[in-house]
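**Q** Output the structure for:
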Amino acid sequence: MIASKLSRPHIGLNAHLFSLNQTYRGAGISWYIYNLLCHLDQMEPSYRYTVFLHERRFQQIQNLTLRYSALSTEKPVVRILWEQFLQPFVLRQAGIDLYHGLAFVAPVAAPCPFVITVYDLSFKRYPEAFKPLNRIYLSIFTEQ
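**A** Below is the predicted model:
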């Protein structure tokens, strides 16, 4: 079992901030996530990828397994609850070997090693521009 896991690592990506909406949610981070997902099929073919998201309009791409949330994770509070309390169970159930948090955070109780993408530290440099709870969440969970 261990040899087969090592020969074909299973990588999980949290793409819950990805949006195809023509709003601020469809800019910046969403474009990064979109382009990353569109090009993963050109990466190492021995890796397996599972993408966790809520955006159901995203088209299936070869070599990606898409797992849609039943929750409305486009709402920040719902997404945070999903990331921290439900996602660890989902990752374990999916057999994820490595987790990539595509937007600043990973679950504190992650059942596997993880990496996160930090786009900027504006929540530290310009704290007044952020809602207090958002700033506190990013500050705590980006530094874990």
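
**Q** how deep is the closest residue to Leu40 other than its chain neighbours tucked in, by neighbour count?
**A** Residue nearest to Leu40 in three dimensions, not counting chain neighbours: Tyr49, with 5.5 Å by Cβ to Cβ, 6 or more residues apart in numbering. All C-beta atoms are positioned from the backbone trio N, CA, C, and that covers glycine. Neighbour count for Tyr49, taken as other Cβ atoms under 10 Å: 20.

**Q** Does Tyr49 belong to a helix, a strand or coil?
**A** strand (DSSP: H, G, I helix; E, B strand; the rest coil).

**Q** And for Gly12?
**A** Relying on three-state DSSP, one would call Gly12 strand.

**Q** wait, isn't it in contact with Tyr47?
**A** No. Gly12 is beyond contact range of Tyr47, at 11.1 Å (criterion: Cβ atoms under 8 Å).

**Q** More neighbours: those two, which one.
**A** Gly12 (26 against 14).

**Q** so the more buried one bridges to which residues?
**A** Thr50, Tyr99 (DSSP bridges).

**Q** Pull up the per-residue confidence for it.
**A** Note on Gly12: pLDDT of 96.

**Q** From Ser46, how far off is it?
**A** In this view, Gly12 and Ser46 are 16 Å apart by Cβ to Cβ, to the nearest Å.

**Q** list the contacts for the residue nearest to Leu40?
**A** If you count contacts by Cβ atoms under 8 Å, 6 or more residues apart in numbering, Tyr49 has them with 10-13, 40, 63-65.

**Q** how many other residues sit next to Arg79?
**A** When neighbours are defined as other Cβ under 10 Å, Arg79 has 21 of them.

**Q** got the residue ranges for the helices in the protein?
**A** According to DSSP state H, the chain carries its helices in the segments 2-7, 28-39, 76-81, 87-94, 122-125, 132-142.

**Q** deepest of those, which one?
**A** Greatest average neighbour count among those goes to helix 87-94 (a mean of 17), per mean count of other Cβ atoms under 10 Å.
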